[in-house]
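# Below are the sequence and a predicted model; questions follow.
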Amino acid sequence: GVDIIEAGFAYASPGDFEAVQTIAREVREPVICSLARAIPADIEAAAKALEPAAHPRIHTFISTSDIHLEHQLRKSRAEVLAIAVAMVTKAKGYVNDVEFSPMDAARSDPEYLYQVLTAAIEAGATTVNIPDTVGYLMPEEFGRLIQGIRENVPNIDRAVVSVHGHNDLGVATANFLEAIKQGARQVEVTINGIGERAGNTALEELVMALHVRRSYFNPFLGRPVAATQPLTRIDTTQIYKTSRLVSSLTGMVVQPNKAIVGANAFAHESGIHQDGVLKHRQTYEIMDARTIGWQANQIVLGKHSGRHAFRARLQELGFDLHDQELNRAFLRFKELADKKKDITDRDLEAIASDEMQTPLVVNFRLERVQVSCGDHEIPTATVTLRLPSGEERTDAATGTGPVDAIYKAMNRVVEVPNRLVEFAVQSVTAGIDAIGEVTIRLEHNQRTYSGHAANTDIIVASAQAYVNALNRLYNALQHQPTPVVTSQT
């Protein structure tokens, strides 16, 4: 239910351009936005990528702080002002909806900031976004910044005031809530707070703060204190599932004590808290977990459950698998039911997510993996892979641990250069028989390829995740265009 999706930076790379264009074509209700520096080529690329969009927006930006002007842009204030006006005007020639950001606004001279914003709005900006680019400000300071803009930019009533922030000092959500009190009406957020450095303001934290404390925020939006209607159009019951999906796809594990979506967000270990919650949930819970779509793990299926019930439960959990994915997932479920007494929704989510992330074209297939390790042993792994030719090849290697040994052996078999840049493991549920999820990232020629797998055996999951990433890398290499050589006389 978000109003605007900033889908990417179209000029940054062919992949970003394709992402923006695909989202613009397929996601129809929200405004679809592409980021663009205040450079003609960036704006042209954004406009081209957004051509299929039902509601396109170009978001262009340029720094306004003296430290950025002097050391990064090496331009004068007058030059930056002229560029901002020219590029907003250019963007306006492509789309009616233009957003402008004075980058590092938090450290910009206020009088100069007011001047740039006034000129950008006059040039056609319909949204002016105020970024705390380095996460420097405290909430009261951020609030004063927004208040100053509203009081000193004469045409501010012709634009929506937006805010963008980073969590370097851990106050990003607090900053945005203060900005809303001072008149900001657009907030730029990310699921799970992912983003540069310490991340951006988290969607789930901001939305639920406005939801739970709406009687507090209502007066700042000109509404009665007792008003009960939501302050955003977000369907909060989708938050937990979306958080899990983003975590799974990115490999960025949500910390257990993360507000709203962490595994412990609705857990009570203290005896005093447990006693209170058992007597009345609101003694220690300020929101109903069901509001964000969270449900306690429960046994939903067993080893005798059929394919129809399995599909129906996955659909209830938000997974719509095509027939081939469903067949593989159902076989995995049956295998798991033989190993594990209690099958929970989280187990089903792990299986479904794993199957949906399996590469469409499987060139390398894991046939066998075996490891030997111990405190006085040299970790050794033997792997057998089926190659694209259909041949099976086996190799063994030693490493610093069993997983390192597996990956070294695989690399010797596939002979595809790569560098492992991330390896993440997390348990899906509690207990000795829990499914383990492994997400890895490989790098080749400055591009990253991810792999994901889930299994009750973490060694097998680690091996399969690596194979999945190798398949994505190999597929990309196969589809690279052949260089065209021309001669000149």
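Everything's here; your move.
# any idea which element the most centrally placed residue in the chain lies in?
For the chain, the residue nearest the mean C-alpha position is residue 246 (5.0 Å; CA atoms, centre = their mean). Assigned by DSSP states H and E, residue 246 belongs to helix 239-250.
# who touches that helix?
191-192, 194, 203-204, 207-208, 252-254, 260-261, 292-294, 317-318, 349, 353, 357, 437, 439, 450, 452 (CB atoms under 8 Å, 6 or more residues apart in numbering). (Each C-beta comes from the backbone N, C-alpha and C, glycine too.)
# Now, those residues that are in strands?
437, 439, 450, 452 (DSSP state E).
# and those residues as a markdown table, adding neighbour count and distance to residue 62?
Converted to a markdown table, these look like this (neighbours: other CB atoms under 10 Å; distance: CB to CB, whole Å):
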| residue | neighbour count | distance to residue 62 |
| --- | --- | --- |
| 437 | 26 | 41 |
| 439 | 26 | 36 |
| 450 | 18 | 33 |
| 452 | 24 | 38 |
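# pLDDT at residue 479, what is it?
We note a pLDDT of 68 for residue 479 in this prediction.
# make that residue 29, sorry
pLDDT recorded at residue 29 is 96.
# who's in contact with the closest residue to residue 92 other than its chain neighbours?
The shortest distance from residue 92 to any non-neighbouring residue, by CB to CB, 6 or more residues apart in numbering, is to residue 124 (3.7 Å). Going by CB under 8 Å, 6+ apart, residue 124 touches 88-89, 91-92, 98.
# Kindly recompute the last result at 7 Å.
Residue 124 makes contacts with 88-89, 92, 98, as judged by CB atoms under 7 Å, 6 or more residues apart in numbering.
# hmm, back to that, would you mind checking the average pLDDT for the helix holding residue 246?
pLDDT averaged over helix 239-250 gives 85.
# Residue 420 pairs with what?
residue 442 (DSSP bridges).
# Ok, residue 447 next?
As for beta bridges, residue 447 partners with residue 444 under DSSP bridges.
# and it, how many neighbours does it have?
12 (other CB atoms under 10 Å).
# repeat for residue 166
23.
# Without its sequence neighbours, what residue ends up closest to it?
Leaving aside its sequence neighbours, residue 166 sits nearest to residue 135 (CB to CB, 6+ apart; 3.6 Å).
# before we move on, what about residue 352?
Nearest non-adjacent residue to residue 352, counting by CB to CB, 6+ apart: residue 319, 4.1 Å away.
# How about residue 41?
residue 11 is the one closest to residue 41 (CB to CB, 6+ apart), at 6.2 Å.
# Repeat that for residue 251.
Using CB to CB, 6+ apart, the closest residue to residue 251 is residue 439 (3.2 Å).
# The one you found: what's it in contact with?
251, 424, 450, 452, 465.
# between the lengthiest helix in the chain and strand 436-444, what angle do the directions make?
If you go by DSSP state H, the chain has its longest helix at helix 458-478. Counting by axes from the mean of the first three to the mean of the last three CA atoms, to 10 degrees, helix 458-478 points 30 degrees away from the direction of strand 436-444.
# Just give me the neighbour total for residue 64.
With other CB under 10 Å as criterion, residue 64 counts 26.
# Using the record's assignment, carve the chain into domains.
Listed by the TED database, the domain ranges of the chain are 4-201, 365-479.
# Contacts made by stretch 378-393 with the rest, please.
For stretch 378-393, the surrounding residues in contact (CB under 7 Å, 6+ apart) are 363-373, 394-402, 404-406, 409-410, 413-414, 463.
# what do you get for stretch 451-462?
In contact with stretch 451-462 (CB under 7 Å, 6+ apart) are residues 248, 336, 339-340, 350-351, 354, 357, 369, 371, 402-403, 406, 425, 428, 433, 435-440, 464-466, 468-469, 472.
# So how do I select the buried members of these in ChimeraX?
In ChimeraX, this line selects whichever of the contacts of stretch 451-462 come out buried by 16 or more other CB atoms under 10 Å:
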select :248,336,340,350,351,354,357,369,371,402,403,406,428,435,436,437,438,439,440,464,465,466,468,469,472
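# so where do the strands sit in the stretch 1-150 of the chain?
4-8, 31-37, 56-63, 98-103, 127-132 (DSSP state E, counting those that start in this stretch).
# Name the stretch among those strands that sits most buried.
Per residue and on average, the most neighbours among those fall to strand 98-103, with a mean of 26 (mean count of other CB atoms under 10 Å).
# Can you list the strands that that one pairs with?
Short version: by DSSP bridges, strand 98-103 pairs with strand 56-63 (parallel), strand 127-132 (parallel).
# Just send the contacts of residue 439 back as JSON lines, with distance to residue 306 too.
Putting the contacts of residue 439 into JSON lines (distance: CB to CB, whole Å) gives the following:
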{"residue": "251", "distance to residue 306": "33"}
{"residue": "424", "distance to residue 306": "34"}
{"residue": "450", "distance to residue 306": "33"}
{"residue": "452", "distance to residue 306": "27"}
{"residue": "465", "distance to residue 306": "30"}
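# Using pLDDT, spot the least trustworthy of those.
residue 251 (71).
# which ones are touching that one?
Here residue 251 is in contact with 422, 424, 439, 441, 450 (criterion: CB under 7 Å, 6+ apart).
# try 8 Å this time
422, 424, 439-441, 450, 452.
# quick check, nearest of the residues you listed to residue 6?
residue 450 (21.5 Å; CB to CB).
# In contact with the closest one, which residues are there?
Shown in contact with residue 450 (CB under 8 Å, 6+ apart): 249, 251, 439-442, 469, 472.
# and residue 322, how many neighbours?
With other CB under 10 Å as criterion, residue 322 counts 9.
# Residue 240 and residue 345: what is the separation?
11 Å (CB to CB, to the nearest Å).
# for residue 370, that is, sorry about that
Residue 370 is 32 Å from residue 345, by CB to CB.
# neighbour count winner among these two?
Neighbour count, other CB under 10 Å: between residue 370 and residue 345, residue 345 has more, with 19 against 13.
# Does the more buried one touch residue 318 like I think?
No. Using CB atoms under 8 Å, residue 345 is not in contact with residue 318, being 10.6 Å away.
# Including distance to residue 108, could the contacts of residue 251 go into TSV?
Formatted as TSV, the contacts of residue 251 follow (distance: CB to CB, whole Å):
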residue	distance to residue 108
422	35
424	38
439	39
440	41
441	36
450	37
452	42
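# nearest to residue 166, of these?
Using CB to CB, the contacts of residue 251 come closest to residue 166 at residue 422, 21.2 Å.
# Which residues are in contact with that closest one?
Per CB under 8 Å, 6+ apart, neighbours of residue 422: 251, 439-441.
# Distance to residue 459 added to the strands of the stretch 1-150 of the chain, as a markdown table?
Below are the strands of the stretch 1-150 of the chain laid out as a markdown table (distance: least, CB to CB, whole Å):
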| stretch | distance to residue 459 |
| --- | --- |
| strand 4-8 | 36 |
| strand 31-37 | 41 |
| strand 56-63 | 45 |
| strand 98-103 | 46 |
| strand 127-132 | 44 |
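# right, so of those strands, which gets closest to residue 229?
strand 4-8 (20.8 Å).
# Give me the angle between the closest one and strand 56-63.
Strand 4-8 and strand 56-63 are oriented at 70 degrees to each other (the same axes, to 10 degrees).
# one step back: of the contacts of stretch 378-393, just the buried ones, ChimeraX syntax please.
ChimeraX command restricting those to the buried ones, with burial defined by 16+ other CB under 10 Å:
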select :363,364,366,369,371,373,395,396,397,398,399,402,404,405,406,409,410,413,414,463
